[in-house]
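[1] quick check, what structure comes out for this input:
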Amino acid sequence: GSHERFPAWSPNGKWVSYLSDKNGKYQLVLRDQKGMAAESYIDLGTGLFYFEPTWSPDSKKLFFNDAHLNLYYVDVATKKVVLVDSDKLASITGRTRNHFEPSWSSDSNWIAYTKALNNGVDAIFMYNLDTQKSHQVTDGMSEVSQPVFSNDGKYLFFTASTDIGLTNSGLHMSAYDRGPNYNVYAILLSKKTPSIFKNESDEETIKEEKAEESKKEDKKEDKKGGKTKEEDKLATKPATKPLEVDFDGISSRIVALPLPTGYYRLNGNIDNVLTYQRGGTIGAYDLVKLEDKTLVENARGFRISADGKKMMYLSGRDYFIVPAGQKPAPNTGKITLDDFKFEVDPAAEWKQVFNEVWAMQKEFFYVENMHGADWDAVRAKYEKFLPYVNHRSDLGYLLNEMMGELVVGHAYIYPGDQPSTPSVSTG
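    Residues are numbered from 1 along each chain as shown. Okay, here's the model as predicted:
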């Protein structure tokens, strides 16, 4: 049995990537989208767990993190793994996701991410793949999260809070009732980029009729040749412009967006639009019209395709795929999942669960000496009982006995998927 996690489609549609422990530990797997060719396995390092491999826009690289607070990227062609940064000051105990919250730039040459400073709050850093150097972007006077590049490379969006101090650690139990407030900001990456909020002139604009007439003549001439200029633009895919960044004075080029405070998930894949989720609301802020509009209510999450054309969102237990940046009609784009069936081999699944529980303790236990237990010997001691496990509750009992060797509190085993029979109500 094997566990496959974090599936992702490459932006060019060629590959489906995911993590699999089929060969004894988690590796990155690449498959062609039709599943015709054999899988390609890429070893990500000496660790046992990795999280959220995410494609670069050029479909040549993926960044990911491990269980030891390190951020990496891997080149698909060379299979070379490069360390981006480490976050040894982070107070992250769960480590089941990419807590760096990284984001690719549109030219695939920069990675923006968050990292803890000595004062305990997170700052935004930008890593350049050519120079292999990181630059701190925010000053550490506020807790920041969710750095996301705009699709045109002009802005880096993020959220920030200046009142998070009391709740900076999950162990500050006296501050559980104090919710921090986050606002949304945009960094103008280049000095050449004008502010999002432009000064309006009170002077009347004069329409230039001659210019309009010459444009009409141009269109007529183009039609004679068979294509208009607009058609030529559509036929030619624009090249991705290299990201322009001026770190000198960058902190003075941060502007606040007029959005309410709250917890946000941000996405910049649509041109001139910042898509976000705040609570159960998915909204879109138009960076040209400077207008905010609500797209979906009662949502539990969303993703936008790499080309910025489609949005998938979750509402209740249903998934929907709709045009991105637009308010969908009710119940349009619903995905039917009722007929999904797959075969389960309980014995193979139980063996995989046993091995992963053992590996989780080896990788995540708070001291390396495992409370004096020889953890490799403990595995050998209990795995010989696996052939005699005939029910999910048997596996739970075996895992409890193995975990008991650690002699530690707060080490729980939950029953998992238990078979059940239809119940009959007696009134």
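
[2] next helix or strand past the lowest-mean-pLDDT helix or strand in the chain?
    For the chain, the helix or strand with the lowest mean confidence is helix 229-235, at a mean of 45 (criterion: mean pLDDT, DSSP states H and E). Remark: after helix 229-235, the chain's next helix or strand is strand 254-256, criterion DSSP states H and E.

[3] for the closest residue in space to Pro57 that isn't next to it in sequence, give me its contacts.
    Among residues not flanking Pro57 along the chain, Ser108 sits closest, at 5.1 Å (Cβ to Cβ, 6 or more residues apart in numbering). Using the backbone N, CA and C atoms, a C-beta is placed for each residue, glycine as well. Shown in contact with Ser108 (Cβ atoms under 8 Å, 6 or more residues apart in numbering): Ser56, Pro57, Asp58, Lys60, Lys61, Leu129, Thr240.

[4] do the same with Ala299
    With contact set as Cβ under 8 Å, 6+ apart, Ala299 has these partners: Gln277, Gly280, Thr281, Ile282, Tyr313, Leu314, Ser315.

[5] again, only using 7 Å
    By Cβ atoms under 7 Å, 6 or more residues apart in numbering, the contact set of Ala299 is Gln277, Gly280, Ile282, Tyr313, Leu314, Ser315.

[6] what about the fourth one, distance to Glu52?
    Taking Cβ to Cβ, to the nearest Å as the criterion, Tyr313 is separated from Glu52 by 19 Å.

[7] on that earlier part again, out of the contacts of Ala299, who's the most crowded?
    Within those, neighbour counts (other Cβ atoms under 10 Å) peak at Ile282, which reaches 25 neighbours.

[8] okay, now the closest residue to that residue other than its chain neighbours: neighbour count?
    In space, and not counting its chain neighbours, Ile282 is closest to Val296: 4.2 Å by Cβ to Cβ, 6+ apart. Val296 has 19 neighbours, counted by other Cβ under 10 Å.

[9] so Val296 touches Met312, yeah?
    No. Counting by Cβ atoms under 7 Å, Met312 is not a contact partner of Val296; they are 11.1 Å apart.

[10] residues in contact with Thr246?
    Quick fix: residue 246 reads Asp, not Thr. With contact set as Cβ under 7 Å, 6+ apart, Asp246 has these partners: Ser190, Lys191.

[11] so how far is Ser108 from it?
    20 Å.

[12] again, but for Asp130
    Look at Asp130 and Ser108: by Cβ to Cβ, they are 11 Å apart.

[13] go on, Pro102?
    Distance, Pro102 to Ser108, using Cβ to Cβ: 13 Å.

[14] same check on Arg95?
    Arg95 is 27 Å from Ser108, by Cβ to Cβ.

[15] which strands or helices does the top helix by length along the chain pack on?
    Counting by DSSP state H, the longest helix found in the chain is helix 346-364. Under the contact definition 3 or more Cβ pairs under 7 Å, 6 or more residues apart in numbering; DSSP states H and E, helix 346-364 sits against helix 375-383, helix 392-404.

[16] and the contacts of the shortest one?
    Spelled out, it's helix 375-383. Phe354, Trp358, Lys362, Leu398, Glu401, Met402, Glu405.

[17] distance of the second one from Val16?
    To tie it back to what came earlier, the one meant is Trp358. According to Cβ to Cβ, Trp358 stands 29 Å off from Val16.

[18] who has more neighbours, these two?
    Trp358 (20 against 17).

[19] so where's the chain shaky on pLDDT?
    The model of the chain has pLDDT under 70 over residues 93-94, 165-173, 175-177, 200-202, 205-238, 427.

[20] help me confirm that Leu71 comes into contact with Val82.
    No. Contact criterion Cβ under 7 Å: Leu71 and Val82 do not qualify, at 9.9 Å.

[21] who has more neighbours, the two?
    When Leu71 and Val82 are compared on other Cβ under 10 Å, the one with more neighbours turns out to be Leu71, at 24 against 14.

[22] residues in contact with the helix or strand hosting the more buried one?
    Counting by DSSP H and E, the element that carries Leu71 is strand 70-75. The contact list for strand 70-75 (Cβ under 7 Å, 6+ apart) reads 28, 42, 44, 60-65, 80-86, 100, 102, 111, 113.

[23] okay, and which of the residues you listed map to strands?
    The members of the contacts of strand 70-75 that map onto strands under DSSP state E are 28, 42, 61-65, 81-86, 111, 113.

[24] quick check, nearest of those residues to Arg392?
    Leu28 (30.0 Å; Cβ to Cβ).

[25] and the closest residue to that closest one other than its chain neighbours, how far is that from Lys14?
    Using Cβ to Cβ, 6+ apart and skipping the chain neighbours, the partner closest in space to Leu28 is Ile42 (4.2 Å). Distance from Ile42 to Lys14, counting by Cβ to Cβ: 15 Å.

[26] now swap in Leu44 and tell me
    In terms of Cβ to Cβ, Leu44 sits 20 Å off from Lys14.

[27] okay, the two: which has more neighbours?
    More neighbours surround Leu44 than the other of Leu44 and Lys14, with 21 against 12 (other Cβ under 10 Å).

[28] nearest residue to the more buried one in space, please, no chain neighbours.
    Leaving aside its chain neighbours, Leu44 sits nearest to Tyr50 (5.2 Å; criterion: Cβ to Cβ, 6+ apart).

[29] also Asp318?
    Closest to Asp318 by Cβ to Cβ, 6+ apart is Lys334, at 5.8 Å.

[30] you'd agree the one you found is up against Arg317?
    No. Between Lys334 and Arg317 there is no contact under Cβ under 7 Å: 11.1 Å.

[31] give me the three-state assignment for Gly13.
    Each residue gets one of three states, and Gly13 gets coil by DSSP: H, G, I helix; E, B strand; the rest coil.

[32] next one: Gln326
    coil.
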